[in-house]
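In: Task: produce atomic coordinates for the following.
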Amino acid sequence: MTDNVQLPIYIQSIREYLPHRYPFLLVDRVTALEVGKSITGYKNLTINEEFFNGHFPEKPIMPGVLIVEAMAQVAGVLGFVTTGKRPADGYIYLFVGADNVRFKRQVVPGDTLVLHAELVTSKRHIYKFACRAMVGDELAASAEILVAEQVM
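Out: I've put the predicted structure just below:
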């Protein structure tokens, strides 16, 4: 484990923890992190997001599957920081499951999607996170997310 992480974690460092790139990198900044326990980050949404062009042009809404992906990505950062590994070291975290997924609020251009993940369990390189996506004080989505650490 590594405890010497400087906060906030800006996009340049997030790119060291996540192999995703535009337009699929869905975490802009990490604002809180307790190694081995929890993380908070966010994604600022603008009308310029690629997915708003088709979902839906007259009433843009962030697709639910991308909200789940954003929660998985912030959980992946927590996993990498906790284990002290990075994609550059030859590791990747793969999204392997989501349970109890619920959507409570639409996420639209102009929203800041605040992403929370808490490490629930880890066993043989499989990690389970309890995740929430918030807009202001409103719950937008929640899920239990499973990721698997693999050597690339």
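
In: Average the pLDDT values over the longest helix anywhere in the chain and round to the nearest integer.
Out: Longest helix in the chain, counting residues (DSSP state H): helix 64-83. If you average the pLDDT over helix 64-83, you get 97.

In: And that helix, what's buried?
Out: Neighbour-count burial for helix 64-83 flags 64, 66-83 (criterion: 16 or more other Cβ atoms under 10 Å). In this view, the C-beta of every residue, glycine as well, is placed from N, C-alpha and C.

In: before we move on, what about stretch 130-145?
Out: For stretch 130-145, by 16+ other Cβ under 10 Å, it's 130-135, 140-143, 145.

In: so where do the helices sit in this structure?
Out: 11-17, 64-83.

In: got those as a markdown table, with distance to Ile39 columns?
Out: Shown next, in a markdown table, are the helices of the chain (distance: least, Cβ to Cβ, whole Å):
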| stretch | distance to Ile39 |
| --- | --- |
| helix 11-17 | 11 |
| helix 64-83 | 4 |
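
In: of all those, which lies closest to Phe103?
Out: Evaluated over the helices of the chain, closeness to Phe103 peaks at helix 64-83, with 5.1 Å, by Cβ to Cβ.

In: for that closest one, packing partners?
Out: helix 11-17, strand 29-34, strand 38-44, strand 91-103, strand 112-123, strand 126-135, strand 138-151 (3 or more Cβ pairs under 8 Å, 6 or more residues apart in numbering; DSSP states H and E).

In: Leaving out chain neighbours, which residue sits closest to Val147?
Out: Tyr93 (4.5 Å; Cβ to Cβ, 6 or more residues apart in numbering).

In: Tell me who's in contact with the one you found.
Out: 76, 79-80, 127, 147-150 (Cβ atoms under 8 Å, 6 or more residues apart in numbering).

In: Now render these as TSV, adding distance to Ala98.
Out: Conversion of the contacts of Tyr93 to TSV gives the following (distance: Cβ to Cβ, whole Å):
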residue	distance to Ala98
Gly76	13
Gly79	15
Phe80	19
Tyr127	13
Val147	10
Ala148	13
Glu149	17
Gln150	18
